Structures are given as C-alpha cells and as structure tokens.
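S.K.: Quick one: sequence plus predicted model below, questions after.
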Amino acid sequence: MAFIDNFLNRITMYRLVLYYLVALLVAAALLGFFGVLPYSPGDLAFSTLLILATCGIANIAFARTFGASPNVESVYITALILALIITPVAPTDHAGVGFLIFASAWAMASKYIFAIGRKHLFNPAAFGVALSALLIGHSATWWAGGNLPLLPFVLLGGLLIVRKIRRADLVLSFGVAALLTAALTASGSTYSTALTQTLLHSSFFFLAFAMLTEPLTMPPTRLLRILYGTIVGFLFAPNVHLGSLYLSPELALLVGNVFVYVVSPKGRFLLMLMKKNELADGTYEFAFAPDRPFAWRPGQYLEWTLSHRFNDDRGNRRYFTIASSPAEDMVRLGVKFHEPKSSFKRALDAMKTGDTISASHLAGDFVLPKDATKKLVFIAGGIGVTPFRSMVQHLVDTKDPRAITLLYSNKTASEIAYKDVFDSAAQAIGMKTVYALTDEPSPVPGTHAGKIDGALIKREVPDYAERTFYISGPHGMVEAFKKTLRGMGVSRLRIKTDYFPGFA
C-alpha cells in the first residue's frame, strides 16, 4: 500500500488517467490478439492512431483560431477515451472512418466553441459521440466498458484514480443512483438481472472512473459532487427516458455537465505576475493580478496551467491553494521548491514580471466554518500552511476574532513561511501560534523543539476535546495526524483535511 501511495503522490491526476487509458488499449490489443476480444489489434491500432491524429490536428486548428494555448495532455486523454468507446474499424470501413473523424473533430471543437470564460462546458468525448449519434446516426458502443474480459483492468486502474483524487463520494453517489434506478425501472427482468447487466456488461465503471471524474467538469464542493453523481447515475440507467428518447451514457454525462456549470464558479482566469519574493528557505510567493475580479472562500484552490516545453511526467497543470485573503488585491501563491524541480516548477520559477499563467476550477471544502463560535485548531506542515495564511489574513481583514490555535511544523526556523502574518494575528484577533521545529540543532527562542504530537496538543490546547481540527500538509503527515487525533478521542466529524485532485 505504501508503494502505491508513493507512486500516486509522484504523478498528476491527468498523467495517471493517461497511463490508465493506454494500459486499457494495450490490454485490449493483447486480448484481441489471442481471440478473447472480437477486435483485431490492427483495427484497434488504426482507429486509435486516426483518432489521435484527428484530435491533434483539430485541437491545433481551433486553438489558433480562438487564440488559446493547446494542452497536449488533454488532447491525448480525450482521444484515447474515444478509442475506447467507439468500436474499432478497419481502414476499408469508410462509414466507420468517417464516424471516427467526425466524433474526434467535434470533441475538440466543443472545448473551444462551447466554452464560457475560456473553460469548456462539456466533457469533450461525450459531446463528440452524442453529436455523432444525433447528426450522422452513428453511436458509441462503449465497448471497453461492456466487455467482461477487460473489466479487471478497468476496475484496477479506476480504483487507483479514485484513490488518487479522493473522490469516492462522487463515484459512490453515481453508482448507488445508477444501480438503484436500474433495479427499480427493470422491465421484463429481475432486479438481479438488471444489476448484473449494469455492472458487468455496460459502460458503468468506465464512465465513472474515466469521465465522471474529469476535474474541469466537476463541481467545487462535496455536496454538489454528490448531487452531480446522483443526477448522472439516475439518467445513466438504461430504462430512463424522456418520451421516446432513451438516454445514453454520454447524454447522461452531458446533462450532468450542465448542472455543474450552473452551480460552479465560471470561467478560466488569466493572471499576470506582479512580483515574486522569497518567503523562507526554498519557499517563494508569487503575487498575480487576475484579468478580472473573482471571489473565493479562504482555503479554496485553483487548477493552474502553465504551458512550457518538454513537460515531464507530471505535466503542465498543478493544484495550488490560494494563499491570499479575498480582500487583498492580488492572488498569492506560496510554492515550495525541491530539487530536482519538476518541469512545471522550473517554468514557474523562471516567470518574469508581466508573464501570465492561467487558472480555473475554483473549488474546495477546506474553508472556515460559518459558525464563528466554533473553536479551531490548525495543524500545518511545511507549505501546507498556505490555506491557513488565507484564512487568518481574511479574519484579520474582517476583524473577526475566533478561538484559533495554529500548530505549524517545519524542520528549521528558516523554513517558516508567513510568520509576519501569524504573529500580527496574535495582536489583531488573539490567535495563538506554536512553531514546532524538528531538526534544529539547538533550541530557538519562541519555538517548540520537536514534532507536533499528542502531548504537545494537550499542553497547548487544553480544551482540544471541544475543538475542530484542520490539517494541511503532505499526505503522510495528514494521515498520521488523523490517527493521532482519533487516538486522543477526537471524532472523525471534527477533523477536516486539505486535499485536492492532483495533490503532490
């Protein structure tokens, strides 16, 4: 399990999905070669290459037309999804070839034509096959999801994706709604038959793992994610229909995309770098001016995209918490640089004043409680302090004193970031901060020598049993503190952790 977590922490969500899709295609080709699947490896290779080429050319053309920066990784993911839901065709099947080209081109077109504020509205692959069914009468068979021999591969990779992005609530709500609706609307068959057909011979798992979890068409909060999954799951059931129109998996997903648009922050933002300064050893703050005003809740995050050459395995996207208070003029980003730097962080580090970066998908539930009387404890490790900087500065800006103790752990005093903000909050709103240093050779005045543990929590927060704990930092640290707090008798309901897709 540790090996899996280490692997998942080193790879972005997008790259994991890309590897997942490639693995499914390779598995399908091998099964086809041995006659387990009724698809020729040659036809599968031809169809996949044709889709990849069409998507690539179409994406370049539309990106130039609309003046947008193309994202190659996203193109590959959409193309491979199409290859796994449209039945492979032979080069001599002219109608099938036309279907592949039409669906691929329109999948790319949807990212630009049906985009609001530079953010696409629909899942591209779902849009491409839905429009094909409507206009040229060719439908996707979702063959990869409906073939039993491929199911183990679909499940194994899909579960890794869910573990990586921590969106089990979304997948479970979809699954429960889809299976319950399929059973209740079963016509001419038993409940068990309806459930078996849905689980083993439909696109159920592939849709849930590979498409429902797309970050850019996912709602920003947990409750909305559950509603999104429930809507798509209900419409996914095979016997759900509107008059004579029976909904397909792609139509169910597109309806869910509309719901997401209605309830989510709109658009993509272009941010210009105004200044950069060193906060602590290896930690820098980037201050950006957005191209238009937008609102966020302290503690929320954005998906940041920085186009650069020679992307490494982690790609050109990252999720970073907004470190600034909504009352501040600039959008602040605190980043820790480790050696060797990823290609993304090298490009970020090389940015000059006036350079731009794009951001979208504002989301996150790691925010202050609306009840200002709740007593809180913030536990931060390293650069995991950024959401607390946003929250604390917001409380100072709004003159909102709350019972808060911050326990902030670093290796050395030189690694402490935003100390000025937290120290000033002691005077402004009465917040208490304990700086814990684990690797200092000698005691540093005003700090705790050693790690944050149960004994320190009990000493510094005597009323810890009455408090709600917020934990932010590396995944291993977060999990360790959850275990420590549970051992101290703190209820799971009073432990909130910071997590977003593509963490680490």
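M.R.: On my side now, so go ahead.
S.K.: Any stretches of this structure with poor pLDDT?
M.R.: Applying pLDDT under 70 to the chain flags residues 1-2, 69-70, 117-118, 187-189, 241, 243-244, 313-314, 499-504.
S.K.: The residue of it most remote from its centre and Thr412, how far apart?
M.R.: Most distant from the centre of the chain: Ser442, at 41.2 Å, with distances by C-alpha atoms, centre = their mean. Between Ser442 and Thr412 the distance is 11 Å, computed by C-beta to C-beta, to the nearest Å. From N, CA and C alone the C-beta is placed, and that goes for glycine too.
S.K.: same thing with Gly364?
M.R.: Distance check for Gly364 against Thr412: by C-beta to C-beta, it reads 29 Å.
S.K.: more crowded one of the two?
M.R.: Neighbours were counted for Gly364 and for Thr412 using other C-beta atoms under 10 Å; Gly364 has more, 23 against 15.
S.K.: Confirm for me that the more buried one is in contact with Pro298.
M.R.: No. Assessed by C-beta atoms under 8 Å, Gly364 is found out of contact with Pro298, at 9.9 Å.
S.K.: Report the set of residues contacting both of these two.
M.R.: Counting by C-beta atoms under 8 Å, 6 or more residues apart in numbering, Gly364 and Pro298 have no common neighbour.
S.K.: So Arg459 lies in a helix, does it not?
M.R.: Yes. Under DSSP: H, G, I helix; E, B strand; the rest coil, Arg459 falls within a helix.
S.K.: buried ones in whichever helix in the chain runs longest?
M.R.: Longest helix in the chain by number of residues (criterion: DSSP state H): helix 41-66. Of the residues in helix 41-66, 41, 43-44, 46-48, 50-52, 54-56, 58-59, 62-63 count as buried by neighbour count, 16 or more other C-beta atoms under 10 Å.
S.K.: just stretch 386-405 next, same as before
M.R.: Neighbour counts over stretch 386-405 (16+ other C-beta under 10 Å) mark 386-396, 402-405 as buried.
S.K.: List of residues touching stretch 30-50?
M.R.: 25, 28-29, 79-80, 83, 86-91, 97, 100-101, 104, 143, 147, 149-150.
S.K.: quick revisit: determine the set of other helices and strands touching the next helix or strand after the longest helix of the chain.
M.R.: With elements assigned by DSSP states H and E, the helix or strand that comes after helix 41-66 is helix 72-85. Counting contacts by 3 or more C-beta pairs under 8 Å, 6 or more residues apart in numbering; DSSP states H and E, helix 72-85 is packed against helix 13-33, helix 41-66, helix 94-113, helix 124-135, helix 143-146.
S.K.: Show me how far the second one is from its chain's centre.
M.R.: Right, helix 41-66. The chain centre lies 25 Å from the centre of helix 41-66; the measure is C-alpha atoms, centre = their mean, to the nearest Å.
S.K.: again with the fourth one
M.R.: Shown here is helix 124-135, whose average C-alpha point lies 24 Å from the average C-alpha point of the whole chain (C-alpha atoms, centre = their mean).
S.K.: From start to finish, how long is stretch 240-254 in a straight line?
M.R.: Chord length of stretch 240-254, first to last residue, is 15 Å (C-alpha to C-alpha, to the nearest Å).
S.K.: Surely Pro369 is in a helix?
M.R.: No. Counting by three-state DSSP, Pro369 is located in no helix; its state is coil.
S.K.: any idea how far the residue farthest from the centre of the chain lies from Asn410?
M.R.: Ser442 sits 15 Å away from Asn410, going by C-beta to C-beta.
S.K.: what sits against the closest residue to Pro443 other than its chain neighbours?
M.R.: Leaving aside its sequence neighbours, Pro443 sits nearest to Ala449 (C-beta to C-beta, 6 or more residues apart in numbering; 5.0 Å). Residues near Ala449 by C-beta under 8 Å, 6+ apart: 437, 440, 443.
S.K.: The second one contacts Thr412, doesn't it?
M.R.: Yes. Counting by C-beta under 8 Å, Glu440 touches Thr412, with 5.5 Å between them.
S.K.: for Pro441, helix, strand, or coil?
M.R.: Secondary structure, three-state DSSP: Pro441 is coil.
S.K.: ok, Arg332 - contacts?
M.R.: 285-288, 322-324, 389.
S.K.: Repeat the analysis, applying 10 Å as the threshold.
M.R.: Shown in contact with Arg332 (C-beta atoms under 10 Å, 6 or more residues apart in numbering): 275, 279, 285-288, 321-325, 386, 389-390, 393, 418.
S.K.: Where does it fall, secondary structure wise?
M.R.: Using DSSP H and E, Arg332 sits within strand 331-336.
S.K.: and the helix or strand following that strand, C-alpha only, in PDB?
M.R.: Downstream of strand 331-336, the first helix or strand assigned by DSSP H and E is helix 343-349. Taking Å, rounded to 0.1, in the frame of the first residue of the first chain, the C-alpha atoms of helix 343-349 are listed here in PDB:
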ATOM      1  CA  SER A 343       9.300  20.900 -15.400                       C
ATOM      2  CA  PHE A 344       6.300  22.800 -14.200                       C
ATOM      3  CA  LYS A 345       8.100  24.300 -11.200                       C
ATOM      4  CA  ARG A 346      11.100  25.200 -13.300                       C
ATOM      5  CA  ALA A 347       8.800  27.100 -15.700                       C
ATOM      6  CA  LEU A 348       7.100  28.800 -12.700                       C
ATOM      7  CA  ASP A 349      10.400  29.700 -11.200                       C
END
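S.K.: Who are the packing partners of helix 343-349?
M.R.: strand 269-280, strand 283-290, strand 301-305, strand 317-321, strand 331-336 (3 or more C-beta pairs under 10 Å, 6 or more residues apart in numbering; DSSP states H and E).
S.K.: Can you get me the centre-to-centre distance for the second one and its chain?
M.R.: Its chain's C-alpha centre and that of strand 283-290 lie 22 Å apart, by C-alpha atoms, centre = their mean.
S.K.: That one pairs with which strands, and in what direction?
M.R.: strand 269-280 (antiparallel), strand 331-336 (antiparallel) (DSSP bridges).
S.K.: so which of those strands is the most packed in?
M.R.: Stretch with highest mean neighbour count among the strands paired with strand 283-290: strand 331-336 (a mean of 22; mean count of other C-beta atoms under 10 Å).
S.K.: so that strand versus strand 317-321, what angle?
M.R.: 110 degrees (axes from the mean of the first three to the mean of the last three C-alpha atoms, to 10 degrees).
S.K.: May I have strand 331-336 exported as CSV, CA atoms only?
M.R.: Taking C-alpha atoms only, strand 331-336 is exported to CSV below (Å, rounded to 0.1, in the frame of the first residue of the first chain):
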residue,chain,number,x,y,z
VAL,A,331,-3.9,36.4,-5.9
ARG,A,332,-1.0,35.0,-3.9
LEU,A,333,0.6,31.6,-4.5
GLY,A,334,3.1,30.1,-2.0
VAL,A,335,5.3,27.4,-3.5
LYS,A,336,8.0,25.1,-2.1
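S.K.: those helices in the stretch 301-450 of the chain, which residues are they?
M.R.: Here the stretch 301-450 of the chain has its helices, by DSSP state H, counting those that start in this stretch, at 343-349, 386-397, 419-428.
S.K.: Let me have the ones you listed in JSON lines, extended by distance to Leu247.
M.R.: Formatted as JSON lines, these follow (distance: least, C-beta to C-beta, whole Å):
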{"stretch": "helix 343-349", "distance to Leu247": "39"}
{"stretch": "helix 386-397", "distance to Leu247": "39"}
{"stretch": "helix 419-428", "distance to Leu247": "51"}
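S.K.: Can you check which of those helices gets nearest to Ile4?
M.R.: Proximity to Ile4, assessed across the helices of the stretch 301-450 of the chain by C-beta to C-beta, is greatest for helix 343-349 (23.1 Å).
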